[in-house]
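A.B. asks: Make a model of this:
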Amino acid sequence: HMLLVDAREAAAGFALGPLRLIGDPVTAVGYLATMMWISPIIALCLLATVPIGGLFVRRGLSRIATRAGARDTSRARVGVRLAELLELGPVVRVHRAEHWVESEASRVEHEARDAAVSWARQTRAAPAIAESVGAIAGALVVWLGLREVAIGAASGAEFLAFLTALFLLLPIIKRLAALGGDARTAFAAWERLRNAVRLTGESFESAASARPSLHSESALYFDRVAVVDVRGISLLREITFSVPRGAIVAVVGPTGSGKSLLLETIVGLVQPSSGTVVRNDASIGYLPQDGWTIQGTVAENVRLGRPVSDDAIRAALDAAVLPEMPLDFRLGERGSPLSGGERQRIAFARAIVGAPQLLVLDEPTSSLDEQTERHIVEVLEQLNGSTTVVIATHRPALCRIADTVITLRDGYVESIQTQHSSARISTSKDVEYA
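C.D. replies: Here you go, the predicted structure:
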């Protein structure tokens, strides 16, 4: 919608602007020459009011430029904010924060609307100022003209001709006064069109209601799950396993083996083409590979609209090795000025805040140094037995703390290695099918 508005503004400005810029000044000079020929004294007095009117118009154009800048900034903020929210869509859906997304979208929309209204009011004010100056000049002309007729310096017909030229000139002055604002608007719209980027993303629809538990003793249960894309290519093939509550599971495999897709299926972002997925844990914390932060404070990024206290956020940031990070520190676009590792740790804090029963992490230490990774590993070890953790990773340190390591290759489960017998994972041989 905003791109269509920009296209209309640019087209109108560039189509009508040159015609006005050429035709109106030429016509105005003709009328002024006629007025000078009829009565040089009145015409010169009229011209003397031009600098005063120009001062008011210039101030009006300056205000228009300021309001136009605010309007354009608000429009850009809407686009950036919506892009961020769309990119964060998977996390929003998993954490059930759709209501927060709706309120954020409504807030930036209202800000943009208020800025547009302010710009429109100021744009209408410039022609009104020009009309006021014109009215004053017209009153001066009428007084001087009547005086000229009274003393016999000009005839009534000449004065009438002078007034006719003046009244024809006033609309031209009004159009020229508005031309500056129209030109600024057109160029700004054209610049936005040149830099326009299509925003793509998935819609924020609430996840489907959970299926009834078929394997109540497990936190997670996959029964012959397959995922097929629109081309008919199998991405996950006959995946079957169950994970006991409190276990840590590492999912490993080469790039493109289906690790991220498996995690997206676990949290409900991808629905299986066949088979059954049961999640018996009610609350889920999710950390994707990207889309970690949005513009806003650190607290807003971690809370994500959920009813979480500042103390809980502080504890989550401490666990994410960000003990000195102020809750009110404001992040810019793409998380600036924070580093990639700091942004990933904020996303990790978002995933663990509120003590979710199921924690799903996709490469949670990919942007971290070894020391920070060791601390994250210690945090995850402390969750063993109380929180079910599923991690897609290439890092040996994360694999070592896992009770079970699932190896994927080309969408198949190549192997399942149980490292701790106390939290043994069930495979297709162990599952009792309902």
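A.B. asks: what sits against Lys259?
C.D. replies: Under the criterion of CB atoms under 8 Å, 6 or more residues apart in numbering, the contact partners of Lys259 comprise Val251, Val252, Gly253, Asp362, Ala392, Leu408. Using the backbone N, CA and C atoms, a C-beta is placed for each residue, glycine as well.
A.B. asks: Could you do Pro171 as well?
C.D. replies: So, once contact is read as CB under 8 Å, 6+ apart, Pro171 ends up touching nothing.
A.B. asks: Do a quick rundown of the helices in this structure.
C.D. replies: 2-38, 40-48, 50-87, 89-94, 98-150, 156-194, 259-267, 298-303, 310-319, 340-352, 370-383, 396-401 (DSSP state H).
A.B. asks: can you tell me which of the contacts of Lys259 are in strands?
C.D. replies: Within these, residues falling in strands by DSSP state E are Val251, Val252, Asp362, Ala392, Leu408.
A.B. asks: List the beta-bridge partners for the fourth one.
C.D. replies: Bridge pairing for Ala392 (DSSP bridges) gives the partners Val251, Asp362.
A.B. asks: Can you flag the buried ones in the contacts of Lys259?
C.D. replies: With burial judged by 16 or more other CB atoms under 10 Å, the buried subset of those is Val251, Val252, Gly253, Asp362, Ala392, Leu408.
A.B. asks: Put together JSON lines for those residues, with distance to Glu378 and pLDDT on each row.
C.D. replies: Listed next are the buried ones among the contacts of Lys259 as JSON lines, based on distance: CB to CB, whole Å; pLDDT from 0 to 100:
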{"residue": "Val251", "distance to Glu378": "21", "pLDDT": "94"}
{"residue": "Val252", "distance to Glu378": "21", "pLDDT": "93"}
{"residue": "Gly253", "distance to Glu378": "25", "pLDDT": "91"}
{"residue": "Asp362", "distance to Glu378": "20", "pLDDT": "92"}
{"residue": "Ala392", "distance to Glu378": "20", "pLDDT": "94"}
{"residue": "Leu408", "distance to Glu378": "27", "pLDDT": "93"}
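A.B. asks: Where does pLDDT dip in the stretch 301-434 of the chain?
C.D. replies: Filtered on pLDDT under 70, the stretch 301-434 of the chain yields the residue ranges 420-434.
A.B. asks: Ok, the stretch 151-300 of the chain next?
C.D. replies: Where the stretch 151-300 of the chain drops to pLDDT under 70, the residues are 174-217, 281-282, 291.
A.B. asks: how about 50 then?
C.D. replies: Per-residue confidence of the stretch 151-300 of the chain (counting by pLDDT under 50) places the weak regions at 196-214.
A.B. asks: that older thread, which one of the contacts of Lys259 sits closest to Val270?
C.D. replies: Within the contacts of Lys259, proximity to Val270 (CB to CB) peaks at Asp362, which comes in at 12.9 Å.
A.B. asks: For Ser260, see how far away the closest one is.
C.D. replies: Relative to Ser260, Asp362 is positioned 6 Å away (criterion: CB to CB, to the nearest Å).
A.B. asks: And Ala316, by the same measure?
C.D. replies: Counting by CB to CB, the separation of Ala316 from Ser260 is 23 Å.
A.B. asks: ok, the two, which is more surrounded?
C.D. replies: Just comparing Ala316 and Ser260: by other CB atoms under 10 Å the higher neighbour count belongs to Ala316, 25 against 18.
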